[in-house]
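Q: Next come a sequence and a model predicted from it.
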Amino acid sequence: MSSLRRFVDKIKPNFEKGGKFAALQSTFEAFETFLFVPNHVTQKGSHIRDAMDMKRTMIVVVLALVPAILLGMWNTGYQNALAIGLERAVLGNFWFGFLKVFPIIVVSYVVGLGVEFLFAQIRHHEVSEGYLVSGILVPLVVPVDTPLWMVAVATVFAVIIGKEVFGGVGMNILNPALTARAFLFFAYPTFMSGDKVWINGLIKGEGIVDGFSGATALGQAAVNDPQILNTTGDPMTGMDMFLGIIPGSIGETSTLAILIGAAFLIFTGVGSWKIIFSVFAGGTVMGLILNAFGGNALMEIPFWQHLMLGGFAFGAVFMATDPVSAAQTERGRWIYGFLIGILAIIIRVLNPAFPEGVMLAILLMNVFAPLIDHYVIESHIKKRLKRAKISINT
Amino acid sequence: MSNAFLQTKNYSMSKVINIKKGLDIKLKGAAEKIISNVKPSSTFAVKPIDFPGVVPKLVARPGDMVKAGTILFFDKGHPEVKFASPVSGEVKAVNRGERRRILEVVVEADGKNEYEDFGAADPGKLDQEQIIRKIQDAGLWPSIRQRPYAVIARSQSEPKAIFISGFNTAPLSPDMDFMVKGNNSAFQTGINALNKLTRGEVHLSLQSDYPADEVFTQASGVTLHYFKGPHPAGNPGVQIHHIDPVNKDEVVWYIQPQEVIMIGRLFEQGVYDAARVIAVTGSEVKKPRYFKVLSGTCIEPYVLDNVNSGALRYISGNVLTGSKINKIGYLGYYDSQVTVLPEGNYYEMFGWIAPGFKKLSVSRSFPSWLTPGREYKVDTNLKGGERPFVVTGEYEKVLPMNIYPMHLLKAILVDDIEKMEQLGIFEVAEEDFALCEFVCPSKIEIQSIIRQGIDLMIKELE
């Protein structure tokens, strides 16, 4: 450890003002602080500080995503095995999925961090840790067969338009990872929807078992199939949905893995349980209302299945809770989460153009979050004024 | 009117105000309740930098002989606010910082313990103006502060109430009961004087967990309030907020118990007797104890041979709000505590991902939640890099006031005077936000931002 530190100290002057590589100062700093918590001491104000910092906050979210990543990788292999009629062991499926998913993760991180480093360098900032989370969220919300160059383009778009134009981390209005997904969805719709994209290998169509369908549950319901089937033609059970043995984007299928992540986020206090809870509450309420009307396959999906299908759970736990783009007041969070839940199901069920509504619901509420906060603050100010008046009158 | 007044008075006497938000930071090195004796310091200082907004105008010059109570300087903006020497001796130095700003006026004690005579008087027989004048002449006025702004009280406007916090909750803070013990008479006289300064009440807040010292419980002319809960329950700002909050165009004053005692002594004996009890605390102090000192003492005698080796941070006050001084620095005007911590100027490999068994955090991503009773040795490392606001909801958990901290801070950062006012800038002081600063994962200097906002309000409104 100390030899590494000595090495870092030795090369450090080169990156400081006037050094050979002064242009790369932010990059150097990013790597240095990645290796070592800096030796900065408190100057003003509180002399001691909590050990929690931004890096750790972000790493907690990444850790919370690990179950979804692992199950997503396995499911990629498993669905592929079903499609080509192959028997593979658990590890075999996982390894297959790993080889498919890992390149996407690498591309997302390399491209995204590349843009971040570039901007930090131009603005002489420290590189911010925000992309540690966005970089893993992007691969988890795309179908496994998304071409790598698309991932790269979407990542560049998301970091620049979703974040840097607003002034960087902490200033953005939209969730960057969802911005990437929305970009892909609207720019390359054929790679983002339909019944061929969700399982690896289906687009090419080689060696696919006859009669195999890669349609998602929502895709089937959208065309009013009377019964939702899984990929092998049997009815899809609630347990399939809960465990995530269904087609879908890489990380979104397993409600179980997502709930494990949610528990970790809530336990560490990094994720807001109020938002998570209220998104599910909103989805439940809207699902119940639609169930009461019925009429077509989508409206008749039981409300509790809605919560496990598509990206609902993933969006509720990992996207809606992004503190920067969510509502920031406690009361605002309840409203924000609840409306996401309602809107997600409305778009999903009532809008024929979009078989999935979570992404759009969250992006929409990202835009409205400041407005929600504004009204919460206004009512707070009114109460304070009232208090002042009462005190004058007595 | 008077009937309703009495009713509220009785009501608040019995009610315990339960503070739920906040945080008790448990550190190593609390002072044992023993008063140690060492040879007292020979140098003392009054530091203009202890008083936000004060522009000092020197009266005494180096070489002048002064007594305890002789004025050293006054505030240019408010000439009636005078600052007195706590000890008799010779003005030794006027130490200046950048742009010749006066940092401290140092007096070397001559050991004669001579006092300026301001004449003993019964506050009951003086009118409001005479009492104010007497406190000001003796240089004790700076001990009375006001909200809004958390600055020395402006004597021109009468406060609607005066607040005294009878307990400390800050990390390692000295035991208030222990410090005031035996000063029954002086405290009462001080209260009598304060009662003449307001037509409202003099509120004394105590903690409800165990019985307070009789100095407090036997005092008459005060309205007692009982608080329960973690830090910052002991902050006057929090107590004011829960008892009788400051609205626009309202002013309240507040003062600490040891300063009430000094005002009491002024009326009883006619002198400025700056004797106070302080605690020397912190993980790097070998024997954390209490000492009897005079205000503004050099801390050297109390930390000499009493601290561990290594790079140390000397703090006048507590770890959250105190000011950084050096080993031969001077105690701040309002401080009854010296804290010594290890400096944190080291690198830690992968500290942000390591489990961190010895680290103190409110986050459960560190194992410290497993051992809630444990006392921590915490150094001054910033523990991360400064970042923009990202995480939300953390400040709210440690600020027991009906205030939206993040929105207030953002209003200050964009100089939005109207919003600052609407969001409660009049009620707060830096110290109320100290815990927000402690927990902030973005390592933002929140206390400085609050003071920046207050300074702007003063500039705009006064």
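A: Everything's here; your move. Numbers count the residues shown, from 1 in each chain, chains lettered A, B, ... in the order given.

Q: Could you give the number of residues near the residue of the stretch 1-150 of chain A at minimum distance from chain B?
A: Here the stretch 1-150 of chain A gets closest to chain B at one residue, residue A:53, 2.5 Å apart by CB to the nearest CB. Any C-beta I mention is one placed from the backbone N, CA and C, and that applies to glycine too. Each residue near residue A:53 was counted by other CB atoms under 10 Å in any protein chain shown, and the total is 27.

Q: Now the phi/psi pair for the closest residue to it other than its chain neighbours, please.
A: Leaving aside its chain neighbours, residue A:53 sits nearest to residue B:384 (2.5 Å; criterion: CB to CB, 6 or more residues apart in numbering or on different chains). With angles defined as degrees, to the nearest 10, residue B:384 sits at phi 140, psi 170.

Q: Just the strands from chain A, written as ranges.
A: A:36-37 (DSSP state E).

Q: quick one, domains of it?
A: According to automatic domain parsing, chain A comprises the domains A:2-35, A:54-377.

Q: gap between residue A:166 and residue B:393?
A: Using CB to CB, to the nearest Å, residue A:166 is found at 21 Å from residue B:393.

Q: Have a look at those two and say which one is more surrounded.
A: Looking at residue A:166 and residue B:393 with other CB under 10 Å, you find the greater number of neighbours at residue B:393, namely 17 against 14.

Q: okay but the more buried one is in contact with residue A:330, surely?
A: Yes. With contact defined as CB atoms under 8 Å, residue B:393 reaches residue A:330; the gap is 6.9 Å.

Q: Setting aside sequence neighbours, what's the nearest residue to residue A:278?
A: residue A:337 (3.1 Å).

Q: neighbours around the one you found, how many?
A: So residue A:337, with other CB under 10 Å, has 29 neighbours.

Q: need the contact list for it.
A: A:274-279, A:281-282, A:316, A:320 (CB atoms under 8 Å, 6 or more residues apart in numbering or on different chains).

Q: Which pLDDT value does the model give the nearest residue to residue A:121 once chain neighbours are set aside?
A: With sequence-adjacent residues excluded and distances taken as CB to CB, 6+ apart, residue A:121 is closest to residue A:26, at 4.7 Å. With respect to pLDDT, residue A:26 scores 78.

Q: circling back: how close does the residue of the stretch 1-150 of chain A closest to chain B sit to residue A:41?
A: In terms of CB to CB, residue A:53 sits 14 Å off from residue A:41.

Q: Also residue A:327?
A: Residue A:327 is 35 Å from residue A:41, by CB to CB.

Q: Compare those two and say which one has the larger neighbour count.
A: Between residue A:327 and residue A:41, counted using other CB under 10 Å, residue A:327 has the larger neighbour count: 29 against 19.

Q: correct me, but the more buried one touches residue A:371?
A: No. Counting by CB under 8 Å, residue A:327 stays clear of residue A:371, with 9.2 Å between them.

Q: Identify the residues contacting the residue nearest to residue A:121.
A: A:117, A:120-121, A:124-127.

Q: could you redo the last one with a cut-off of 10 Å?
A: Shown in contact with residue A:26 (CB atoms under 10 Å, 6 or more residues apart in numbering or on different chains): A:15, A:116-127.

Q: now swap in residue A:64 and tell me
A: Residue A:64 neighbours (CB under 10 Å, 6+ apart): A:133, A:257-258, A:260-268, A:270-271, A:317-318.

Q: can you do 6 Å?
A: A:261, A:264-265 (CB atoms under 6 Å, 6 or more residues apart in numbering or on different chains).

Q: Those: which ones sit near chain B?
A: Filtering the contacts of residue A:64 for proximity to chain B by CB under 6 Å from any CB of the partner chain leaves nothing.
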